[in-house]
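> got a sequence here, can you build the structure:
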Amino acid sequence: MTEPTDDELEALVAAVIGDSPVPSAQTEFAIEAFSLARLDEELADLVFDSTSESALAGVRSNEADRIHHSYVQGRITLDIEWEPGPIVTLSGQIDAESPQEVILRRPDGDRSADLNEFGEFSFPQALRGPARITCIAGDQRLETDWFML
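Numbering: from 1, shown residues only. Prediction:
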């Protein structure tokens, strides 16, 4: 059996696909699905979670009421904390060579916060629910997984 020629392959593709273009919704879905293929590689590592059993062992103070997360990705470290409640203040610090931006991402929209000279930031009056943080420092980017405030 011989290999089909390019013309034969093009004719076969045209017969299967026809003249109708791919609907834009399907194209967008395919692009989004492809972008998720490397998502795990792009998320920062959660290196500390104060709600884990090992982190809570031996804790006897009110500090246990505050939730602390630490993330690392490349040369960026992100430390965040908040106290659970209906409305919280999420505060934290970026440890990187030149922190530029921190963004709180939520299903209802994104918010940016100012960074001080030490890379500290705060998001006052954040509502409970799913959230994630994006940090930009120079050519580096840190993206957390979704967590619940």
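
> what's the domain layout of this protein?
Annotated domains of the chain cover 6-38, 44-148 [automatic domain parsing].

> dump the ones you listed to CSV, plus mean neighbour count and mean pLDDT.
Placement of C-beta: from N, CA and C, glycine included. Below are the domains of the chain laid out as CSV (neighbours: other C-beta atoms under 10 Å; pLDDT from 0 to 100):
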stretch, mean neighbour count, mean pLDDT
domain 6-38, 9, 71
domain 44-148, 15, 89
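
> quick one: the helices in the protein?
6-17, 24-35, 39-42, 53-56 (DSSP state H).

> name the residues that touch the first one?
Just to be clear, that refers to helix 6-17. residue 4 (C-beta atoms under 8 Å, 6 or more residues apart in numbering).

> ok, now which ones touch residue 137?
Counting by C-beta under 8 Å, 6+ apart, residue 137 makes contact with 75, 76, 94, 96, 97, 98, 99, 100.

> try it again with 10 Å
If a contact means C-beta atoms under 10 Å, 6 or more residues apart in numbering, then residue 137 has 74-76, 78, 94-102, 115, 119 as its contacts.

> farthest pair in those?
Across the contacts of residue 137, the longest distance by C-beta to C-beta is 17.9 Å; it joins 74 and 115.

> return the closest of the contacts of residue 137 with respect to residue 142.
Checking these one by one against residue 142 (C-beta to C-beta), the nearest turns out to be residue 76, at 4.3 Å.

> that's all I had, so thanks and see you.
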